[in-house]
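Q: Give the three-dimensional model of this entry:
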Amino acid sequence: MSDLLNAEEVKAQIEAGVPGSHVTVIPNGSPSGQHSLLLDNEHAFAVASFLRDHPALRLDYCSLVTGVDWLDTETTEKIRVKKVVDGVETEAEETRKTKVPGYLEAVYHLFSIEKKHGPVILRMRTANRTGQTQLPSLTPVWRSCEFQEREAFDLYGIVFVGHPDLRRILMWDGFADFPMRKDYHPPADGVPVAEVHA
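A: Numbering: from 1, shown residues only. Okay, here's the model as predicted:
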């Protein structure tokens, strides 16, 4: 099952088959060349159903769901500004820094058992890493997503709306952090975890 589906062609089929959907091809410059498709969250469930049911695609199996944590970044740009110095207008160059908020990402690897092709890689992104970490669950489309979405919830804090049983799967119920996030700090040796995360 090694036939790669062309990401641009799949994007075109999605946008024709799911009105209003927006798909962006995310290029992958590695030797695998497995480009991925970034979905808009509003249409993600409809797109997933379309990919599963489309007679030419029949992406009937999700082999992998994982999370990715993208930290806040800062962009720097040089801009020309006009200033008045001692009554004389001059032009100067200033550096402007802009903070770009981070986000969490869920990544799905899809295959067709029936057609023997794949993978098609889907991505969905949260609005940020703090208060808006919701994404639609794709478990109702691919049952194999259930435990893997729970793992992404447990380790990254992605809240999958519509998941049939969203609860921790690796960490205990009282654990109040997300150990796969890039800014996670484990407790010091000898310090009870309940005290650190209480």
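
Q: What distance do you get for the residue nearest the centre of the chain to residue 38?
A: Nearest to the geometric centre of the chain sits residue 105, at 1.9 Å (Cα atoms, centre = their mean). Here residue 105 is placed at a distance of 9 Å from residue 38 (Cβ to Cβ, to the nearest Å). For glycine as for every other residue, the C-beta is placed from the backbone atoms N, C-alpha and C.

Q: Over to residue 174?
A: From residue 174 across to residue 38, the span is 35 Å (Cβ to Cβ).

Q: Could you do residue 109 as well?
A: Taken as Cβ to Cβ, the span from residue 109 to residue 38 is 14 Å.

Q: can you check residue 13 too?
A: Distance, residue 13 to residue 38, by Cβ to Cβ: 16 Å.

Q: can you give me the strands in the chain?
A: 23-26, 36-39, 61-70, 73-85, 88-100, 103-112, 117-125, 134-136, 159-161 (DSSP state E).

Q: hey, C-alpha coordinates of the fifth one in CSV?
A: In this case it means strand 88-100. Coordinates of each C-alpha in strand 88-100 appear next as CSV, following Å, rounded to 0.1, in the frame of the first residue of the first chain:
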residue,chain,number,x,y,z
VAL,A,88,12.9,68.4,10.4
GLU,A,89,11.0,65.5,9.0
THR,A,90,13.3,62.5,8.3
GLU,A,91,12.8,58.9,7.4
ALA,A,92,14.2,56.2,9.6
GLU,A,93,14.2,52.4,9.7
GLU,A,94,12.7,50.7,12.7
THR,A,95,12.4,47.1,13.7
ARG,A,96,8.9,45.9,14.5
LYS,A,97,8.4,42.6,16.4
THR,A,98,5.1,40.8,16.3
LYS,A,99,4.1,37.9,18.5
VAL,A,100,2.4,35.0,16.6
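
Q: ok, and what's touching it?
A: Here strand 88-100 makes contact (Cβ atoms under 8 Å, 6 or more residues apart in numbering) with 72-84.

Q: now that strand, how far from the chain's geometric center?
A: 33 Å (Cα atoms, centre = their mean, to the nearest Å).

Q: who does it pair up with?
A: strand 73-85 (antiparallel) (DSSP bridges).

Q: pLDDT on the partner strand, on average?
A: In this model, strand 73-85 has a mean pLDDT of 86.

Q: from now on call the first residue 267
A: That works, and once the first residue is 267, the last one we named lands at strand 339-351.

Q: Can you list the buried residues in it?
A: For strand 339-351, a neighbour-count test (16 or more other Cβ atoms under 10 Å) marks nothing as buried.

Q: same question, stretch 405-422
A: In stretch 405-422, counting by 16+ other Cβ under 10 Å, buried: 405, 407-408, 410-412, 414-422.

Q: tell me which of these is nearest to residue 320?
A: residue 407 (12.5 Å; Cβ to Cβ).

Q: wait, what's in contact with that closest one?
A: For residue 407, the contact set (Cβ under 8 Å, 6+ apart) comprises 311, 314-315, 318, 328.

Q: Equivalent analysis for residue 381, please.
A: For residue 381, the contact set (Cβ under 8 Å, 6+ apart) comprises 322-324.
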